[in-house]
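Colleague: make a model of this:
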Amino acid sequence: MELEDFKKRLKEYKKEDIIITNHAEIQAFVRQIDLEEVRCNILNPEKLAYVKRQEPEQEKYDCYFAYSKLFAHRYILALNGKIIIVTIIKINRDWQRILERK
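Modeller: As a prediction, this is how the structure comes out:
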């Protein structure tokens, strides 16, 4: 799926359509990530820099939201009528090199 298509798809959802798993909530707390910021990123995906569907999962996506060259958030999202946030990761290094390996 192309990046722009995925952004359009995310914009179709509302705030109440976002479900945060217990694991993601704990990871956000440990990594000091504001859950409201996560919701905002998903509903307004201007910072979305990369998305890839996880294989063999059909509706699970690996998403990178870029703040700068050295700082990004990575969310694993499952789309199933709602947006389920599976995990949240803060990246404090050159995240673009991580993507080059993929």
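
Colleague: got the phi and psi for residue 80?
Modeller: phi -150, psi 60 (degrees, to the nearest 10).

Colleague: please begin residue numbering at 2 from this point
Modeller: Taking 2 as the first residue, the last one we looked at is residue 81.

Colleague: state the pLDDT value of the closest residue to it other than its chain neighbours.
Modeller: Among residues not flanking residue 81 along the chain, residue 60 sits closest, at 5.9 Å (Cβ to Cβ, 6 or more residues apart in numbering). To be clear about C-beta, it is placed using only N, CA and C from the backbone, and glycine gets the same treatment. pLDDT recorded at residue 60 is 88.

Colleague: what count of nearby residues applies to residue 60?
Modeller: As a burial measure, residue 60 scores 12 neighbours (other Cβ atoms under 10 Å).

Colleague: what's the distance between it and residue 38?
Modeller: 24 Å (Cβ to Cβ, to the nearest Å).
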